[in-house]
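Chemist: have a look at this fold, sequence not included:
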């Protein structure tokens with residue numbers, strides 16, 4: 001990842017953490033924090049925050065599933081990665097017609113990663 005991108009993510013991290021601290025019930029804030037962790041290669045942190053989101057059954061859970069799939073892939077757990085990748089697509093994609101393009105981008109990124117060795 002380019003240094004400028006990493007620097008931007010490092011700046012975003014305390015903001016995302018503060019949002020979660022202020023509204024711990026807000027699944028969108030938790031998703032943002034999980035994504036920042038993932039992009040910073042802090043995969044264990046991403047898994048920890050995003051797995052908590054799954055119990056909330058929030059409307060944007062698809063993002064959590066794809067980020068979890070990619071995080072588990074980086075942690076070396078191919079079975080969990082595939083489980084999370086397949087689970088969202090099979091059960092929930094129709095829930096978010098307005099988010100299809102964004103979800104497809106995450107799905108494509110996850111698919112590319114999970115297909116690599």
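Modeler: Cool, got the structure. All figures in this text were calculated on a predicted structure; none of them were measured in a lab.

Chemist: nearest the geometric middle of this structure, what residue?
Modeler: Here the mean C-alpha position of the chain is nearest to the C-alpha of residue 67 (CA atoms, centre = their mean), at a distance of 2.7 Å.

Chemist: roughly how far is the strand or helix carrying residue 87 from the heart of the chain?
Modeler: Following DSSP states H and E, one finds residue 87 within helix 78-92. Put simply, helix 78-92 sits 12 Å off its chain's centre (CA atoms, centre = their mean, to the nearest Å).

Chemist: just give the nearest non-adjacent residue to residue 85, would you?
Modeler: Using CB to CB, 6 or more residues apart in numbering and skipping residues adjacent in sequence, the residue nearest residue 85 is residue 69, 3.9 Å away. Every residue, glycine included, has its C-beta placed from N, CA and C.

Chemist: residue 24 versus that neighbour, what's the distance?
Modeler: According to CB to CB, to the nearest Å, residue 69 stands 24 Å off from residue 24.

Chemist: these two - which one has more neighbours?
Modeler: More crowded of residue 69 and residue 24, by other CB atoms under 10 Å: residue 69, with 26 against 11.

Chemist: element containing the more buried one?
Modeler: Going by DSSP H and E, residue 69 is part of helix 61-74.

Chemist: what about residue 25, is that helix, strand or coil?
Modeler: Here residue 25 is recorded as coil under DSSP: H, G, I helix; E, B strand; the rest coil.

Chemist: tally up the residues packed near it, please.
Modeler: As a burial measure, residue 25 scores 9 neighbours (other CB under 10 Å).

Chemist: who's in contact with it?
Modeler: Listed by CB atoms under 8 Å, 6 or more residues apart in numbering, the contact set of residue 25 reads residue 56.

Chemist: and it, what are its phi and psi?
Modeler: phi -80, psi -10 (degrees, to the nearest 10).

Chemist: can you check residue 42 too?
Modeler: According to degrees, to the nearest 10, residue 42 has phi -100, psi 70.

Chemist: give me the pLDDT for it.
Modeler: With respect to pLDDT, residue 42 scores 98.
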